[in-house]
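Novice: compute the structure for the input listed below.
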Amino acid sequence: MDNVLCDELLQEIFQKLPSSSSSSSSLVSKRWLHLFRSSRTTLSLRITPHLSLTLISSLTSFLTHHTSLSSLSLTLSPDPTTTTTFTLSPLLLSAVSSCCSQLRALRFLTGPVSLRSINSLANSCTHLSSLCISLSRPIFLRWVLEFPCLKDLSIVLCSGDENGSSHEDEVNGQFGVWESDDVDAELGLESLCFVGIRGDDWGLGWLWKSCRKLKKLRLQSCQGIGGSYSCFVQCLQGVREIELRTCRSVVDGVLLKLAENSHSLNSLLVHDGGSREGLLHFFSQCRSNLQRLDLRLPLDLDNNHLSAVAVNFRNLSSLRLQSCCLVTGEGLKAIAIATSNGLEELALINCDVVEREPGLLATLGQHLRQLRKLDLSHNEMLLDKELISMLVSCVNLIDLRLRGCKGITSAAMVSMLRSCKRLENVDMMQCLGIESEAIELFVKNSSRLRRMEVEESKLSDAAKMWASNKFIEVVV
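Specialist: Model (predicted):
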């Protein structure tokens, strides 16, 4: 058989194999190992902080065998025994540059890298369209212009002392300080992410002005925007998705500029940071056709905000609320009535209103008959009666998540079989009241189930057999 299969056919087979079985194929022979490596288009590696120069040489040799790589991820393995900075990142990036010239996507998070190694990457990987990388301060991003195909850029900013004064000298000596906002450039970036911008960081004004094709913007753990808001607003005209995670210092300013300048926004995520006034102003004044809203605001979101959402965003197709303690049934009912014909996804994760107001879920179910995805995870006191009263109306559900709902029992599983005949994905992890017999019955009788998450201890031999026969993926 080994002689019958030509190299090209074997490589095509390797490319189509699932990841769970492909690695074992490389053990057949040296020829298969060589062909397996040369056919790989995606590779993910974790690097130890104690990596030596010898191992870098070995890594270079390893990458040389992967001639078809188009996507590479290099991340740093957590090591609780050391707090030292990983100082070999520039050498690693140089190794990638020399071995992987066909890369389209690179995720490189082994520590901050030097500007010289980034320039080397730009010269070698001319087709790179997606890049995730760590940088030290001071912020210097002129090198972005050297990647003409770049569409997706993520930057994690580290403390300014990783490379010490040597990094600043490199910026000033090799390139000259380039902080002016008067630069006339047009970048092709469509997705941009920054992690860790401080309030005293500068140097991003020209970048905001140059991102005129931006569709998605993500800010995480940011205390500033790295420039003036007059520059920042120029990237918002065509933005469709905004994610703000733990950005309390800037969230009001960003939302204010969005409400004034963006008419294309259709997706907004705000987690762990905001103000009631700023949020209310945005929900009341924004004129975008918002379709997806994801909020984790324990003490910043109340019924006034939900009422404004119900009035201004009647085309919502997805609403996700997590740990929103001040929300009551009144606000949720207002949204349910306003979006009854279009809302397809509802998540109320760890929202005690679900447990606090009996009959709320039944009312929501009666209004939201188009729901396809429902997530009630981590509502520990949610009872069968409340869940069943909602499922009776939600006959179009294909995705149901009940992770951590400790009060749900096997009776709810029977109701799911009767009412939700289109279910494809179910998560019932940490549902202590659901027994193995109910799991077996559910797997056996679900006609469309394709994926289930449940503890292995609840899977009987019969349940495993039915799952295998019906090609149901079971995640334990």
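Novice: least trustworthy helix or strand in the protein by mean pLDDT?
Specialist: Least confident helix or strand of the chain, by mean pLDDT, DSSP states H and E, is helix 164-170 with a mean of 47.
Novice: so how far is whatever helix or strand comes next after that one from its chain's centroid?
Specialist: Sequence-wise, the next helix or strand downstream of helix 164-170 (DSSP states H and E) is strand 191-195. For strand 191-195, the distance from its own C-alpha centre to the chain's C-alpha centre is 12 Å (CA atoms, centre = their mean, to the nearest Å).
Novice: what packs against strand 191-195?
Specialist: Counting by 3 or more CB pairs under 8 Å, 6 or more residues apart in numbering; DSSP states H and E, the packing neighbours recorded for strand 191-195 are strand 152-157, strand 216-220. Yep, even glycine has a C-beta here, placed from its N, CA and C like the rest.
Novice: including distance to residue 93, mean neighbour count and mean pLDDT, could the ones you listed go into a markdown table?
Specialist: Shown next, in a markdown table, are the helices and strands packed on strand 191-195 (distance: least, CB to CB, whole Å; neighbours: other CB atoms under 10 Å; pLDDT from 0 to 100):
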| stretch | distance to residue 93 | mean neighbour count | mean pLDDT |
| --- | --- | --- | --- |
| strand 152-157 | 14 | 19 | 97 |
| strand 216-220 | 23 | 20 | 98 |
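Novice: which among these is found nearest to residue 340?
Specialist: The minimum distance between residue 340 and those falls on strand 216-220, with 29.0 Å, by CB to CB.
Novice: need the next SSE after that closest one, C-terminal direction.
Specialist: Taking DSSP H and E, what comes next after strand 216-220 is helix 229-232.
Novice: just checking, what packs against that following helix?
Specialist: Counting by 3+ CB pairs under 8 Å, 6+ apart, helix 229-232 packs on helix 205-210, helix 251-261.
Novice: return the most buried member of those.
Specialist: helix 205-210 (a mean of 23; mean count of other CB atoms under 10 Å).
Novice: just the C-alpha atoms of that helix, please, in PDB.
Specialist: Written as PDB, here are the backbone C-alpha positions of helix 205-210 (Å, rounded to 0.1, in the frame of the first residue of the first chain):
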ATOM      1  CA  GLY A 205      -2.900  59.000  16.300                       C
ATOM      2  CA  TRP A 206      -1.600  58.500  12.800                       C
ATOM      3  CA  LEU A 207      -2.700  54.800  12.900                       C
ATOM      4  CA  TRP A 208      -6.300  55.700  13.800                       C
ATOM      5  CA  LYS A 209      -6.300  58.200  10.900                       C
ATOM      6  CA  SER A 210      -4.900  55.700   8.500                       C
END
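Novice: quick one: mean pLDDT over that helix.
Specialist: On average, the pLDDT along helix 205-210 is 94.
Novice: for that helix, what is the distance to the chain centroid?
Specialist: 25 Å.
Novice: what segments of the stretch 51-200 of the chain are helices?
Specialist: 53-64, 89-99, 115-124, 164-170 (DSSP state H, counting those that start in this stretch).
Novice: got a pLDDT number for residue 172?
Specialist: So residue 172 comes in at 42 (pLDDT).
Novice: quick one: residue 389 is in a strand?
Specialist: No. If the criterion is DSSP: H, G, I helix; E, B strand; the rest coil, then residue 389 is helix and not within a strand.
Novice: can you count the residues close to the closest residue in space to it that isn't next to it in sequence?
Specialist: Excluding the flanking residues, the one nearest residue 389 by CB to CB, 6 or more residues apart in numbering is residue 362, at 3.7 Å. For residue 362, the neighbour count with other CB atoms under 10 Å is 17.
Novice: my read: residue 362 touches residue 390, true?
Specialist: Yes. Contact criterion CB atoms under 8 Å: residue 362 and residue 390 qualify, at 5.8 Å.
Novice: I'd like the helices and strands packed on helix 229-232 as CSV, with distance to residue 237 appended.
Specialist: Listed next are the helices and strands packed on helix 229-232 as CSV, based on distance: least, CB to CB, whole Å:
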stretch, distance to residue 237
helix 205-210, 11
helix 251-261, 7
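Novice: looking at this, residue 295 is in a helix?
Specialist: No. Under three-state DSSP, residue 295 sits outside any helix and is assigned strand.
Novice: contacts only, for it.
Specialist: Residue 295 makes contact with 269, 270, 271, 301, 320, 321, 322, 324 under the criterion CB atoms under 8 Å, 6 or more residues apart in numbering.
Novice: repeat that for 7 Å
Specialist: 270, 301, 321, 324 (CB atoms under 7 Å, 6 or more residues apart in numbering).
Novice: please tell me the pLDDT value assigned to it.
Specialist: 98.
Novice: then residue 49?
Specialist: In this model, residue 49 carries a pLDDT of 72.
Novice: kindly report the same for residue 355.
Specialist: Confidence score, pLDDT, at residue 355: 91.
Novice: residue 14 now?
Specialist: Looking at residue 14, the pLDDT reads 67.
Novice: then the one 5 residues further on?
Specialist: Each residue has a pLDDT score; the one for residue 19 is 59.
Novice: in stretch 440-456, what's buried?
Specialist: Residues of stretch 440-456 classed as buried: 440, 441, 442, 443, 444, 446, 449, 452, 453, 454 (neighbour count, 16 or more other CB atoms under 10 Å).
Novice: circling back: now the contacts of residue 295 as a markdown table including secondary structure?
Specialist: Listed next are the contacts of residue 295 as a markdown table, based on three-state DSSP:
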| residue | secondary structure |
| --- | --- |
| 270 | strand |
| 301 | coil |
| 321 | strand |
| 324 | coil |
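Novice: I'd guess the residue nearest to residue 389 is in a strand, am I close?
Specialist: No. Secondary structure of residue 362 (three-state DSSP): helix, not part of a strand.
Novice: how much space separates it from residue 354?
Specialist: Noted for residue 362: a distance of 12 Å to residue 354, by CB to CB, to the nearest Å.
Novice: then residue 284?
Specialist: From residue 284 to residue 354 the distance is 26 Å (CB to CB).
Novice: and those two? Which one has more around it.
Specialist: It is residue 354, of residue 284 and residue 354, that has more neighbours when counted by other CB under 10 Å, with 22 against 15.
Novice: residues in contact with the more buried one?
Specialist: Here residue 354 is in contact with 348, 360, 361, 376, 379, 382 (CB under 7 Å, 6+ apart).
Novice: could you look up the SS state of the closest residue to the last one other than its chain neighbours?
Specialist: What it means is residue 382. Leaving aside its sequence neighbours, residue 382 sits nearest to residue 405 (CB to CB, 6+ apart; 4.9 Å). Here residue 405 is recorded as coil under three-state DSSP.
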